[in-house]
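Student: Mind folding the following:
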Amino acid sequence: TESSATCEVCEGAEEMTEPLKQCMAWLHAYFCEPARTASLPMPAFHHPLLQRDSFTRQVLWTLLRDVKFGEAVSYKQLADLAGNSRAARAVGGAMRSNPIPIIIPCHRVICSSGQTGNYGGGNLMKEWLLSHEKLQKEKLAY
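Tutor: Presented below is the predicted three-dimensional model:
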């Protein structure tokens, strides 16, 4: 079941840099007001993996752009979307190297069989995130 805990902003927020404030606002919205995530600016991504031209970068940006809140996609489907239908295993590698999970939602990538597959934060966390999104999406539909 979903927790009814309130979301709090940590002390010293006024001393944070703008990108950190954006990230905090985005994560707060994700967990507490998911409908707002679509209207918030994405935090700036400066990780080297996201800067160089590679299939991993293509996969991560495709996932971020094309797989919306409350949706799931298989490794093979994501490989297709990223432009290489035979690269499902490489998609798994891209998910393992994702430097900013949740924001780049690798938890939304599942096996073709419907099994959740692996997750760096643990399978229980992946299942919780998928459940959180499903529940929030259903609430928005009412």
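Student: Could you tell me how far the lengthiest helix in the chain lies from the centre of the chain?
Tutor: If you go by DSSP state H, the chain has its longest helix at helix 123-141. The gap between the average C-alpha position of helix 123-141 and the chain average comes to 12 Å, counting by C-alpha atoms, centre = their mean, to the nearest Å.
Student: pLDDT of that helix, averaged?
Tutor: Mean pLDDT, helix 123-141: 91.
Student: Next up, identify which helix or strand the nearest residue to residue 40 once chain neighbours are set aside is on.
Tutor: Spatial nearest neighbour of residue 40, excluding adjacent residues (C-beta to C-beta, 6 or more residues apart in numbering): residue 26 at 5.3 Å. For every residue, glycine as well, the C-beta is placed using N, CA and C. Per DSSP states H and E, residue 26 falls inside helix 18-32.
Student: Name the residues of that helix that are buried.
Tutor: Residues of helix 18-32 classed as buried: 22-23, 25-26, 28-31 (neighbour count, 16 or more other C-beta atoms under 10 Å).
Student: what does stretch 93-112 give?
Tutor: For stretch 93-112, the neighbour count (16+ other C-beta under 10 Å) marks 94-95, 97-98, 100-101, 103-110 as buried.
Student: right, and the pair among the residues you listed with maximum separation?
Tutor: Of all pairs drawn from the buried residues of stretch 93-112, the one with the longest distance (C-beta to C-beta) is 100 and 110, at 19.4 Å.
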